[in-house]
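J.: pasting the structure only:
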């Protein structure tokens with residue numbers, strides 16, 4: 001078996017011989033880690049492409065789809081490399097490149113341009129460009145272009161929208177730019193790209209059906225159940241199998257319905273504005289932790305005999321993220337020292353009173369914005385906690401807190417701890433769930449302590465040997481409790 005790259009927080013493109021062996025073995029574990037470009041055909045593929053393996057001297061390897069496109073290669077229409085899970089290495093990294101890639105994935109370049117991306121990161125546009133080219137082989141414009149091409153393909157295959165509408169919905173500035181990009185990336189025209197999909201129209205008018213890939217193994221049902229048992233009335237609904245919820249997208253509310261779908265997660269999306277497709281897809285992927293590399297995580301944790309038993313029971317366990325930083329912060333604050341059921345009730349009351357309607361004539365709610373709670377009066381909770389809610393809301397409203405995918409994790413943790421009512425547990429929990437840090441061990445959490453004691457695992461030293469995957473250690477300890485994962 002070919003060993004997977006070890007994630008250490010630095011970008012790691014496997015050496016060329018390892019890459020080629022992965023291509024020979026059609027090893028799907030490497031999909032998203034790198035892309036194979038074939039000089040003789042001018043196309044690039046995922047490592048697991050079922051096509052005949054090209055000769056070694058005819059291939060080059062690239063760290064991103066955008067880098068392959070920048071080098072003049074077009075996407076393989078058989079293996080669809082643009083639709084692979086994202087590189088899990090960016091889950092680990094909290095540096096400039098990692099933060100930039102997460103923000104580009106959230107659609108910031110399409111909305112605010114490269115200068116807007118640079119402002120969010122606190123660096124110059126030139127430095128951001130130079131860093132990304134050095135790390136992933138392409139700058140922010142090329143990365144956003146690759147993302148727009150993927151969004152355009154999804155819209156062409158899943159809607160009957162005219163091509164001009166698809167162009168602007170995918171983020172292109174003009175129809176000509178859209179046509180040129182589709183030809184360059186897919187070696188075909190938009191109408192030809194759409195033709196095979198016409199036999200498979202979407203199941204419901206007005207919705208898009210996405211099949212979101214992930215790296216196996218994954219118990220998607222368990223991840224959805226974890227989120228479903230915490231569903232906030234009006235904002236979310238859980239039917240025991242699928243989770244439906246409202247997302248506050250940049251151009252208007254979106255409704256997503258998530259359910260297991262074999263080797264994919266089925267995601268039915270209803271958008272107020274189709275320009276939000278890329279952003280909504282990225283946020284769902286973070287919510288479900290779909291870009292994780294479970295094989296690497298499980299192998300690392302299984303070096304410990306006690307944890308190996310837990311991992312065998314729940315291989316591929318994910319650490320769910322969040323749909324919105326402010327919403328996650330309120331969940332953490334309101335959920336302190338009370339049951340999940342009571343926290344869910346409280347959050348539902350807050351959403352009903354301070355949220356706003358998502359769609360005219362429908363009961364769905366958008367979770368309250370920070371401004372709605374910045375000067376809130378007494379809530380049905382201790383006065384100190386109400387003050388904490390106000391402080392968190394004001395910090396989000398004035399920009400002190402963001403808790404978004406491009407935020408600096410250390411800076412945001414420090415900003416949280418400076419607020420009244422926020423202690424190390426809450427800051428750590430939000431670093432793990434809202435900021436997506438995979439290396440947080442909540443050693444003071446009551447459930448984690450009980451589970452560790454039952455397993456005979458001493459957490460006193462923070463268990464540095466499990467870095468950079470201690471968030472998954474936390475998840476396994478929660479899951480090991482009889483009711484831990486869902487309660």
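T.: In hand now; what should we look at? It should be emphasised that the depicted structure is a prediction, and the values quoted were computed from it without experimental measurement.
J.: Please identify which helix or strand holds the closest residue to residue 456 other than its chain neighbours.
T.: Spatial nearest neighbour of residue 456, chain neighbours left out: residue 306 (6.2 Å); criterion: C-beta to C-beta, 6 or more residues apart in numbering. Where C-beta positions appear, they are placed from N, C-alpha and C, glycine not excepted. Per DSSP states H and E: residue 306 is located in helix 305-313.
J.: before we move on, what about residue 253?
T.: strand 252-261.
J.: Could you give me the buried positions within that strand?
T.: By neighbour count on 16 or more other C-beta atoms under 10 Å, the buried set for strand 252-261 is 253-260.
J.: Same question for stretch 38-52.
T.: With burial defined by 16+ other C-beta under 10 Å, the residues of stretch 38-52 counted as buried are 38, 43-49.
J.: now do stretch 220-239
T.: Neighbour-count burial for stretch 220-239, counted by 16+ other C-beta under 10 Å, picks out 220, 222-232, 234-238.
J.: List phi and psi for residue 328.
T.: Residue 328 adopts backbone torsions of phi -70, psi -40, taken as degrees, to the nearest 10.
J.: Could you tell me how many residues sit around it?
T.: A total of 19 residues lie near residue 328 under the criterion other C-beta atoms under 10 Å.
J.: Thought residue 432 was touching it, still the case?
T.: No - at 10.1 Å, residue 328 and residue 432 do not qualify as touching, with contact defined as C-beta atoms under 8 Å.
J.: any idea how far the residue sitting furthest away from the middle of the chain lies from residue 20?
T.: When each C-alpha in the chain is compared with the mean C-alpha position (C-alpha atoms, centre = their mean), residue 57 comes out farthest, at 35.7 Å. To residue 20, residue 57 is 10 Å away according to C-beta to C-beta, to the nearest Å.
J.: and what of residue 376?
T.: For residue 376 relative to residue 20 (C-beta to C-beta), the value is 59 Å.
J.: Can you list the strands that the following helix or strand past the strand holding residue 253 pairs with?
T.: Heading C-terminal from strand 252-261, the first helix or strand you meet, by DSSP H and E, is strand 264-271. Here strand 264-271 is paired, per DSSP bridges, with strand 208-213 (antiparallel), strand 252-261 (antiparallel).
J.: May I see these arranged in TSV, with distance to residue 468 and mean pLDDT as well?
T.: Rendered in TSV, the data for those read as follows (distance: least, C-beta to C-beta, whole Å; pLDDT from 0 to 100):
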stretch	distance to residue 468	mean pLDDT
strand 208-213	23	89
strand 252-261	27	97
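J.: nearest to residue 125, of the ones you listed?
T.: Proximity to residue 125 (C-beta to C-beta) singles out strand 252-261 among these, at 28.5 Å.
J.: So what's the gap between that closest one and the chain middle?
T.: Chain-centre distance of strand 252-261: 14 Å, with C-alpha atoms, centre = their mean, to the nearest Å.
J.: what do you get for stretch 126-138?
T.: 21 Å.
J.: again with stretch 100-117
T.: On C-alpha atoms, centre = their mean, the centre of stretch 100-117 falls 15 Å from the chain's centre.
J.: For that stretch, list every residue counted as buried.
T.: Buried, per 16+ other C-beta under 10 Å, within stretch 100-117: 100-111, 114, 117.
J.: of the residues you listed, closest to residue 175?
T.: Nearest member of these to residue 175, counting by C-beta to C-beta, is residue 110, at 16.3 Å.
J.: for residue 142, what are its contacts?
T.: Contact analysis of residue 142 by C-beta atoms under 8 Å, 6 or more residues apart in numbering lists 66-67, 69-70.
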